[in-house]
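Asker: Show me how the following folds:
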Amino acid sequence: MRAAARALAIAALVAVGCRVCPPAERVGPSVPCADCEPPATLLVLPIEQYPVPLEIAPWLAGGGTLRFESGARDLRPSFDTGVEGTFTPGGPMPESCAERGTCERPQLRLGPWLGVDATVGRTRGEAGLAFDLGGPRQISWSTVGLRLGAGYATTRTADVVGQLSWGTRFVHWRRRAIYQGGPCPAVVAPVSGLRLYAAARRELDGPRGLEVTLGIEWRPFTRGAGIVPHDFARR
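Answerer: Next up, the predicted model:
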C-alpha cells in the first residue's frame, strides 16, 4: 500500500509539471521533487508570412489542342514548359501576415514569362506578361493566373496567345520564424502548385489558324512536388 501511495503521489506531481528527480537529487523519500530544476519552458517563436519580392514559377503542362483552320478542325496533344517571375507592383505589402492574424486580402503580382509550346507538326517559342491574383500567405488553395504574349513557330508563323488558369500556389519561403539572429527574409523564392488552364492562340500570318488548348499545368520543383504544400510533405 505504501509503495502504491508513493507512486500515486509522484504521478500527481508529474501531472502538474514537476520533474521526478533522480535518487541523488532527492532530499527525502517523501519529497521527490524538492530543489529540482523546473520543467523546461516550451518556446514558441512568432511566425511571419510575407510575400517574397521575386517569386519564380517554372512549369510543365500538358493537354489537348483543338485547331480551327479553313473550316476544318483537328484535335492533337499539346505539351508546354516555361518559367514566369512575378513581383508586387509598388513593392511589398505594408503589413506582415502573422500566422494567427487576419491577412487574407488578395494580392496582384505581375512579371515576365517565357515558354515553349509543342504539338504535332510544330514547336513555338513564346513570351509575354503574366498576372497572378492570390492570397499573401505561403499556401493559397485558390489563385487565378493570366498570361498574355506573342510567339513564333517553326512553321514560320507568328501568333498572339492568352491563357487563363486557376489552381493552387505554394511559396514556402514566405514563412519564417522571427528571432534574434534568425533568417533574413527571402528575396527570391520558388513557386509550386497545380493549375487547370485554357489557352487560345491566333496566327497573325500564314493560314491564320486558331488553336484552343485545355490542360493541366504542374509546378513541381519544391518539396511536395506541387501536389501538397512544403510543410505537409515534411510531416
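Asker: May I see the buried residues of stretch 198-213?
Answerer: Buried residues in stretch 198-213, defined by neighbour count with 16 or more other CB atoms under 10 Å: 199, 201, 203, 209, 211, 213. From N, CA and C alone the C-beta is placed, and that goes for glycine too.
Asker: and what of stretch 212-227?
Answerer: Buried-residue list, stretch 212-227, by 16+ other CB under 10 Å: 213, 215, 217-219, 221-222, 224, 226.
Asker: Columns distance to L60, pLDDT and secondary structure on top of those, output as a markdown table?
Answerer: Shown next, in a markdown table, are the buried residues of stretch 212-227 (distance: CB to CB, whole Å; pLDDT from 0 to 100; DSSP: H, G, I helix; E, B strand; the rest coil):
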| residue | distance to L60 | pLDDT | secondary structure |
| --- | --- | --- | --- |
| T213 | 14 | 96 | strand |
| G215 | 10 | 97 | strand |
| E217 | 8 | 97 | strand |
| W218 | 5 | 95 | strand |
| R219 | 8 | 93 | strand |
| F221 | 9 | 84 | coil |
| T222 | 14 | 82 | coil |
| G224 | 15 | 79 | coil |
| G226 | 10 | 79 | coil |
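Asker: Show me which of the residues you listed is closest to L129.
Answerer: E217 (17.0 Å; CB to CB).
Asker: The closest one bridge partners, please.
Answerer: A61, R195 (DSSP bridges).
Asker: Cross-check the contact I'm expecting between it and S192.
Answerer: No - using CB atoms under 8 Å, E217 and S192 do not qualify as a contacting pair, with a distance of 11.2 Å.
Asker: Closest to E84 out of the buried residues of stretch 198-213?
Answerer: Among those, and counting by CB to CB, the member closest to E84 is A199, at 13.9 Å.
Asker: now, among the buried residues of stretch 198-213, which is nearest to A150?
Answerer: Nearest to A150 out of the buried residues of stretch 198-213 is R201 (CB to CB; 9.7 Å).
Asker: Can you pull out the low-pLDDT segments for this protein?
Answerer: By pLDDT under 70, the low-scoring segments of the chain are 1-48, 90-104, 177-183, 230-235.
Asker: Please repeat the previous calculation with a cut-off of 50.
Answerer: Counting by pLDDT under 50, the chain contains low-confidence residues at 1-2, 4-5, 8-19, 26-27, 33-35, 94-102, 233, 235.
Asker: Now do the domain split for it, please.
Answerer: According to automatic domain parsing, the chain comprises the domains 1-42, 47-234.
Asker: Give me the nearest residue to V144, chain neighbours excluded.
Answerer: With CB to CB, 6 or more residues apart in numbering as the criterion, V144 has its nearest non-adjacent residue at 4.8 Å, and that residue is L133.
Asker: ok, the one you found - contacts?
Answerer: 106-109, 143-145 (CB atoms under 8 Å, 6 or more residues apart in numbering).
Asker: Sheet partners, orientation included, of the helix or strand hosting it?
Answerer: Here L133 sits within strand 122-134, counting by DSSP states H and E. Strand pairing for strand 122-134, using DSSP bridges, gives strand 107-119 (antiparallel), strand 139-153 (antiparallel).
Asker: Can you redo the ones you listed as CSV, where the extra columns are distance to T88 and mean neighbour count?
Answerer: Formatted as CSV, those follow (distance: least, CB to CB, whole Å; neighbours: other CB atoms under 10 Å):
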stretch, distance to T88, mean neighbour count
strand 107-119, 6, 18
strand 139-153, 14, 17
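Asker: Can I get those in CSV including distance to L66?
Answerer: As requested, those are exported to CSV (distance: least, CB to CB, whole Å):
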stretch, distance to L66
strand 107-119, 11
strand 139-153, 17
